[in-house]
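Student: give me the fold of what follows.
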Amino acid sequence: MSRSLLLQSIAQTRDGNVRTSENSLSAFLKQKRLTLAAAQRAHVVGVLKRLGRRRVWKHGGKAALIIDGTAYAKPRSRGKKRAMPKKGQVRVQNLKTEKTILVPGYQEIWVGLLLADRTVLPLTRRLWSENGPGCASMRLAEETEIRRAVEIMEEAFGLEVILVADRGYRSKELLRWLKDVAGLDFIIRIEGKLTAAAGASKGLLSTLSEWWPKRLTLQWRERSKRVLLSDVSAREVSVKTESKEDVAFNALRLQPVKEDVEPMFLATTLPTDTKEDLTRIVRLYSWRWGIETFFWTFKRALNCHSWRVYSCWEAIDRLLTAAHMAYLVLTLLREFVRRGSAAARRLRLRLMLALRSRFARSSEELTLGRLLRLLASDFPSPRLAASSW
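Tutor: Numbers count the residues shown, from 1 in each chain. Below is the predicted model:
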């Protein structure tokens, strides 16, 4: 996106002189009149309605929302004197060591919708850092995004939801908020070190669960992506939050049969009465990986991992918002291609007419490949940019 000739050309239409195209793009994005929040929400709802209710994965009339975060590590390059605005500390990912390494950067909270083909459609996003504006804590930011995603699903389809999350969302206060305040079902991975009560017994969850009866044996994947055959047991437990309030939920323990691997624990409000219930909970949690696939595609396809917009927080946030909207357009186009070539041709024609009328380009055929390059807004040379139109 930092090399986008299209976005740079738009930015350079502003009055005044600028030294670099990045400064020009930053100045364009930070204008007060350029607000994208309402347009982003309407865009998401429109895409959902075009995809249709049948493309949504559902259980018991409820859809699955997956919440997770991604990081943008932004250490400054040599010779850069201007500090990044409101930066925080983010963890360097995919290291071979277990040691935590923090670098300057930004975090982003995403909530996506699980589709019937196990892919994840991004619904809402929020840029966050401990020094950023607008929110006192990350947990409050997470709750805000969950509410926004729930409201979008209600507006688009009138569906209730089940929230799925990894260990980064194991806060006891969040569990209480989801169950007692928001009234949402959830499946969240938790740690065995959690102090819990099960009946008359109280202690660490990992210790208490060793005595639970095994209900069934099934497969799941741990962090090395190996398929592990595991015994599954479940029981209702309760924990006490930091605010001294009790919250009860069902806890699942997955203990590998032969491997020397620590057990996995899941907290859920879904029923665990039958083997089918337990299997569904574990499988739904395993489908959470679709949001990680989305992160990789989003950063690579739209070059979102290497943006250079540092003038203000608003410019950074709006650039990522625009990339989110562009990703949804590409998703919708892919859906039309899947449904049939006639629908794809009609959409391509409508986009071609709109783009030509906006930028007054000469008439030529807009092929699918040129359209994808155009929406990605990442042309390595002016010749390719011109040919894409």
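
Student: only C-alpha atoms for contact and neighbour calcs from this point on.
Tutor: OK.

Student: residue ranges with poor pLDDT in the stretch 51-200 of the chain?
Tutor: 75-82, 93-98 (pLDDT under 70).

Student: show me where it has strands.
Tutor: In the stretch 51-200 of the chain, the segments counted as strands under DSSP state E, counting those that start in this stretch are 58-59, 62-73, 88-91, 102-114, 120-128, 160-165, 185-190, 195-198.

Student: and W307, which of those strands is closest to it?
Tutor: W307 lies closest to strand 62-73 among the strands of the stretch 51-200 of the chain, at 9.4 Å (C-alpha to C-alpha).

Student: mind listing the helices in the stretch 201-350 of the chain by residue range?
Tutor: Along the stretch 201-350 of the chain, the segments classed as helices by DSSP state H, counting those that start in this stretch run 205-208, 275-286, 289-301, 313-339, 341-359.

Student: grab the nearest non-local neighbour of S238.
Tutor: A248 (4.0 Å; C-alpha to C-alpha, 6 or more residues apart in numbering).

Student: related to what we said a few turns ago, redo the helices of the stretch 201-350 of the chain as a markdown table? Include distance to L218 and mean pLDDT.
Tutor: Formatted as a markdown table, the helices of the stretch 201-350 of the chain follow (distance: least, C-alpha to C-alpha, whole Å; pLDDT from 0 to 100):
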| stretch | distance to L218 | mean pLDDT |
| --- | --- | --- |
| helix 205-208 | 19 | 94 |
| helix 275-286 | 8 | 94 |
| helix 289-301 | 18 | 88 |
| helix 313-339 | 33 | 86 |
| helix 341-359 | 41 | 66 |
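
Student: flag every buried residue along stretch 154-168.
Tutor: 156, 159-166 (16 or more other C-alpha atoms under 10 Å).

Student: first to last residue in that stretch, what's the distance?
Tutor: Using C-alpha to C-alpha, to the nearest Å, the end-to-end distance of stretch 154-168 comes to 26 Å.

Student: do the same with stretch 129-136
Tutor: Start and end residues of stretch 129-136 are separated by 10 Å (C-alpha to C-alpha).

Student: what's it in contact with?
Tutor: Stretch 129-136 is contacted from outside by 86-89, 106-107, 137-138, 141, 313, using C-alpha atoms under 8 Å, 6 or more residues apart in numbering.

Student: what separation do you get for the residue most central in space within the chain and E143?
Tutor: The centroid of the chain falls nearest to W110 when counting by C-alpha atoms, centre = their mean (3.1 Å). Per C-alpha to C-alpha, W110 is found 11 Å from E143.

Student: now the residue nearest to the centre of the chain, which residues is it bridged with?
Tutor: D68, R125 (DSSP bridges).

Student: so how far is L218 from it?
Tutor: W110 sits 30 Å away from L218, going by C-alpha to C-alpha.

Student: check A198 too.
Tutor: Using C-alpha to C-alpha, we find A198 at a distance of 24 Å from L218.

Student: kindly report the same for L65.
Tutor: 24 Å.

Student: the more surrounded of these two?
Tutor: For L65 and L218, the more surrounded residue by other C-alpha atoms under 10 Å is L65, and the numbers stand at 27 against 17.

Student: I'd say that one and L113 touch.
Tutor: Yes. L65 lies in contact with L113 (C-alpha atoms under 8 Å); the separation is 4.8 Å.

Student: residues in contact with the helix or strand harbouring R50: which ones?
Tutor: Using DSSP states H and E, R50 sits in helix 37-51. The set of residues external to helix 37-51 that reach it, using C-alpha under 8 Å, 6+ apart, is 123, 152, 155-157, 321, 325, 328-329, 332, 335.

Student: 6 Å - rerun?
Tutor: A156 (C-alpha atoms under 6 Å, 6 or more residues apart in numbering).

Student: any buried residues in it, and which?
Tutor: 40-41, 44-45, 47-48, 51.

Student: again, but for stretch 246-254
Tutor: Neighbour-count burial for stretch 246-254, with 16+ other C-alpha under 10 Å as criterion, is recorded at 247-254.

Student: torsion angles phi and psi at the residue of the chain positioned farthest from its centre?
Tutor: Here the chain reaches farthest from its C-alpha mean at A200, the gap being 39.4 Å by C-alpha atoms, centre = their mean. Dihedral pair for A200: phi -90, psi 0, per degrees, to the nearest 10.

Student: against E236, how distant is it?
Tutor: Going from A200 to E236 by C-alpha to C-alpha gives 12 Å.

Student: please apply the same query to L204.
Tutor: Counting by C-alpha to C-alpha, the gap from L204 to E236 is 14 Å.

Student: how many residues are close by the residue nearest to R54 when sequence neighbours are not counted?
Tutor: Nearest residue to R54, sequence neighbours excluded (C-alpha to C-alpha, 6+ apart): A116, at 7.9 Å. Per other C-alpha under 10 Å, the neighbour tally for A116 reads 14.

Student: likewise V90?
Tutor: Using other C-alpha under 10 Å, V90 is surrounded by 20 other residues.
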